[in-house]
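Engineer: coordinates only, sequence not included:
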């Protein structure tokens, strides 16, 4: 992805969030100079990768397969047993006909919530011991109601509806409406994008970036590159 494209995507995302009256913490808007002016007081932001996270999953076509995340809070998987945070919260935006590739998390349980826009489509499979699709029946909680589904079932979440996705349940999302856009909430156990994601297809969780212009906002994957942290 080009840096200019990322700058544009985030600027549009901020407008969409404000339209839905969803407000981000101050560090969402910091410039590179703001970040460089901070010291140890922002160690938590850096260490648990709070902030913007734009991905095209290495496919080079963000508007076909991609996602906008902003991680608002998160714990460190290495300190959970020492009294650290054991939860995570994200806000996400899916645009038009975007998809998120099929995957599961080995440890994370998450609630995915349609916070506004059009319908969110979700396809589900149980996983087997070989990390492949199982043909077994799926049982999930949709807004607190246990629901039994066939393998590969597709459910539709309207605004306000949510689903709980336990560990090792394969899932992928997409926007139903061709010209739609969705605000998605996530409440989960600690998020670990380095060690807790298993994708069916070979993908890159973080994008390769062509620095055709200066960053207007930093991604969480930029902290090491621009801040050496």
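Structural biologist: Received, thanks. Note that the structure is a prediction, hence the values are computed from the model and not measured.
Engineer: quick one: contacts for residue 47?
Structural biologist: Counting by CB atoms under 8 Å, 6 or more residues apart in numbering, residue 47 touches residue 76. Bear in mind the C-beta positions are built from the backbone N, C-alpha and C, glycine included.
Engineer: Backbone dihedrals for it, please?
Structural biologist: phi -70, psi -40 (degrees, to the nearest 10).
Engineer: Likewise for residue 32?
Structural biologist: Dihedral angles (degrees, to the nearest 10) for residue 32: phi -60, psi -40.
Engineer: same check, this time on residue 227
Structural biologist: phi -110, psi -10.
Engineer: for the residue nearest to it when sequence neighbours are not counted, helix, strand, or coil?
Structural biologist: Leaving aside its sequence neighbours, residue 227 sits nearest to residue 35 (CB to CB, 6 or more residues apart in numbering; 5.9 Å). Using DSSP: H, G, I helix; E, B strand; the rest coil, the structure places residue 35 in helix.
Engineer: so how far is residue 53 from residue 35?
Structural biologist: As judged by CB to CB, to the nearest Å, residue 35 and residue 53 stand 15 Å apart.
Engineer: who touches the residue nearest to the spatial centre of the chain in this structure?
Structural biologist: The chain has residue 69 as the residue nearest its centroid, 4.6 Å off, counting by CA atoms, centre = their mean. If a contact means CB under 8 Å, 6+ apart, then residue 69 has 52-55, 90-92 as its contacts.
Engineer: tell me the residue furthest from the middle of this structure?
Structural biologist: residue 37 (27.7 Å).
Engineer: report the longest helix in this structure, please.
Structural biologist: helix 3-19 (DSSP state H).
Engineer: gap between that helix and the chain center?
Structural biologist: In terms of CA atoms, centre = their mean, to the nearest Å, the centre of helix 3-19 is found 15 Å from the chain centre.
Engineer: how many other residues sit next to residue 50?
Structural biologist: A count of neighbours around residue 50, defined by other CB atoms under 10 Å, yields 23.
Engineer: Wait, it touches residue 71, no?
Structural biologist: Yes. The pair residue 50 and residue 71 qualifies as a contact (CB atoms under 8 Å) at a distance of 5.0 Å.
Engineer: Need the overlap of contacts for those two.
Structural biologist: Contacts common to residue 50 and residue 71, judged by CB under 8 Å, 6+ apart, are residue 220.
Engineer: that older thread, any idea of the pLDDT on the residue nearest to the centre of the chain?
Structural biologist: For residue 69, the pLDDT comes out at 96.
Engineer: bridging residues for it?
Structural biologist: For residue 69, the beta-bridge partners are residue 53, residue 92 (DSSP bridges).
Engineer: re the thing from before, so what secondary structure elements neighbour the longest helix of the chain?
Structural biologist: strand 51-55, strand 67-73, strand 88-95, strand 181-188 (3 or more CB pairs under 8 Å, 6 or more residues apart in numbering; DSSP states H and E).
Engineer: Pick the most deeply packed of the ones you listed.
Structural biologist: strand 51-55 (a mean of 23; mean count of other CB atoms under 10 Å).
Engineer: Quick one: residues contacting residue 189.
Structural biologist: Per CB under 8 Å, 6+ apart, neighbours of residue 189: 86-88, 107-110.
Engineer: rerun that using 7 Å as the cut-off
Structural biologist: Shown in contact with residue 189 (CB atoms under 7 Å, 6 or more residues apart in numbering): 86-88, 107-109.
Engineer: No more questions from me, cheers.
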